[in-house]
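A.B. asks: curious how this folds, go ahead:
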Amino acid sequence: MGNKGYDDDDEWSHGQNKYKMMKLLLLLTILTNLFTIYIFILPHHPENSIMKAQLEGSLSVIQELHQKLDSTNMLVQALLIELTTRQQEHQQPYSSSYKVNNDDDGPQKLAFGYANNCLMRMKQELKEFMSYEVGGECLVGDVFAEKLMLKGCHLLPPRRCHPKSPTNYPDPKPLPESLWALIPPHTLTTWDSFPCKTYQQCLKTIHHHLQNDDKRWLNDDDELLGGLNFGINQVLSTKPNGTIRIGLDINGERATGNFAARMMQESVTIITTTFNSDAPFSHFIASRGLVPLHIKLSQRLPFFENTLDIVHSGENGLGNWMQESVLEYALYDVFRVLRPGGLLWLDHFFCLSSHINTTYSLIVAQVGFKSLRWHNGEGRHQCYISALLEKPKL
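C.D. replies: Okay, the predicted model is just below:
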């Protein structure tokens, strides 16, 4: 009996030891597996950790760039469709008769065309214009740029080259002597692109326009004789003394600066538009101590809105040589840059007499000018309008 109890106790003790051993083995197995997992997860090299972080950052940047690229592609496609539609509308010819239409609420046609399209059509000329050595001398002068401007390429790309400079450039004469020193030295400009090679040779071109302006703007004409010539003092007297200070003279291709010189004598600063067709008119005007502005008449005026006191348009400026739609755009642009109460002086605006009341008076009224003076008269070749118009104050 006693031996049997002892055996039972021995079996029980052995089972307990076996159970403890199994638990210990299980615990060791679990700890070993955990340690193995920890070993595999733990980075062995700092470089690998840094590279992994950089790759994750690059992937996020690439995903963001893809999203932006998709958005940009959609925007470009929409713009191309819009430009194609407007170009097709622009290719339709304008009507020869002017009609006042106040019901056009949609997008309007561009009267002056698309400058960028011009550059695309003039690829060979643009290539020649942009062929130069950076920091060297420009191989193509401003006269070539004028050819591009005449074909509608108004905004030419900037270049990183030096224009050809004249040798022995003289110091300018001081004001007011320079205003009427009408034969500047030939070393004032370069002559490669002009038919005349000195100012003396150009006198036939320049002097003709100087003679026409020799006594203009000094006094009003007798209204019985047509009253086409307005005197500067009479024009300035329509405003309080000293309030006409700055302005623009729109004078087409062959401006000499005479109007600006006369106005400077009245303490009024005038900028003169120029276009060097067959003589260096820009340099000639600058030699007189006046400011030339080299632009086409169909370009948007480079002035901020409501800034100028007066705009003068001479015989070679605005006229019936312009399409009526282009003229309307130009007058709206003049209206834009004039300050409230500013003056537009139409000086010998040439036209056909049959168009005065049917076309031009309607355009002026449509733009919004108030007429202070309006005279029609016969000139040397055709009918002229001289008018003093005001931008109304609100």
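A.B. asks: ok, longest strand in this structure?
C.D. replies: Taking DSSP state E as the criterion, the chain has its longest strand at strand 338-351.
A.B. asks: ok, that strand: who's next to it in the sheet?
C.D. replies: Applying DSSP bridges, strand 338-351 is found paired with strand 308-313 (parallel), strand 383-390 (antiparallel).
A.B. asks: weakest of those by average pLDDT?
C.D. replies: Ranked by mean pLDDT, the strands paired with strand 338-351 bottom out at strand 383-390, with a mean of 92.
A.B. asks: need the contact partners of that strand.
C.D. replies: With C-beta atoms under 8 Å, 6 or more residues apart in numbering as the test, strand 383-390 has contacts from 227-230, 235, 238, 315, 341-353, 356, 360, 364, 369-378. (Each C-beta comes from the backbone N, C-alpha and C, glycine too.)
A.B. asks: buried among those? Make that a PyMOL selection.
C.D. replies: The following PyMOL line selects those of the contacts of strand 383-390 that are buried, judged by 16 or more other C-beta atoms under 10 Å:
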select buried, resi 227+228+229+230+235+315+342+343+344+345+346+347+348+349+350+351+356+360+364+369+373+375+376+377
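A.B. asks: nearest spatial neighbour of Ser367, skipping sequence neighbours?
C.D. replies: For the record, residue 367 is Val, not Ser. Leu331 (4.6 Å; C-beta to C-beta, 6 or more residues apart in numbering).
A.B. asks: what about the one you found, how many residues nearby?
C.D. replies: Residues lying near Leu331 (other C-beta atoms under 10 Å) number 23.
A.B. asks: quick revisit: for the record, mean pLDDT for the next helix or strand after the longest strand of the chain?
C.D. replies: As assigned by DSSP states H and E, the chain's next helix or strand after strand 338-351 is helix 361-367. Averaged across helix 361-367, the pLDDT comes to 90.
A.B. asks: list the buried residues of helix 361-367.
C.D. replies: For helix 361-367, the neighbour count (16+ other C-beta under 10 Å) marks Ser361, Leu362, Ile363, Val364, Gln366, Val367 as buried.
A.B. asks: isn't the last one up against Ala330?
C.D. replies: In this case it means Val367. No - the criterion here is C-beta atoms under 8 Å, and Val367 misses it with Ala330 at 9.7 Å.
A.B. asks: who does Ile385 bridge with?
C.D. replies: Beta-bridge pairing for Ile385 (DSSP bridges): Phe349, Asn376.
A.B. asks: name the SS class of Ser371, please.
C.D. replies: State at Ser371, reduced to three classes by DSSP: H, G, I helix; E, B strand; the rest coil: strand.
A.B. asks: the residue lying closest to it once chain neighbours are set aside: neighbour count?
C.D. replies: Closest residue to Ser371 apart from its sequence neighbours, by C-beta to C-beta, 6+ apart: Leu389 at 5.8 Å. Other residues lying near Leu389 total 24 when counted by other C-beta under 10 Å.
A.B. asks: and Leu179, by the same measure?
C.D. replies: Neighbour tally, Leu179, other C-beta under 10 Å: 18.
A.B. asks: thinking Leu148 is in contact with Met122, fair?
C.D. replies: Yes - using C-beta under 8 Å, Leu148 is in contact with Met122, at 6.3 Å.
A.B. asks: any stretches of the chain with poor pLDDT?
C.D. replies: The model of the chain has pLDDT under 70 over residues 1-25, 28, 32-119, 140-143, 152, 154-155, 203-214, 222-226, 252-254, 379-381.
A.B. asks: show me where it has its helices.
C.D. replies: Using DSSP state H, the helices assigned to the chain run over residues 2-41, 46-90, 115-121, 123-129, 142-150, 203-212, 232-236, 258-264, 281-287, 324-337, 361-367.
A.B. asks: shouldn't Phe281 be in contact with Asn258?
C.D. replies: No - if you go by C-beta under 8 Å, Phe281 and Asn258 don't touch, sitting 11.7 Å apart.
A.B. asks: from Thr238, how far out is Tyr384?
C.D. replies: Applying C-beta to C-beta, to the nearest Å, the value for Tyr384 to Thr238 is 21 Å.
A.B. asks: tilt between the longest strand of the chain and helix 324-337?
C.D. replies: Interaxial angle of strand 338-351 relative to helix 324-337 (axes from the mean of the first three to the mean of the last three C-alpha atoms, to 10 degrees): 150 degrees.
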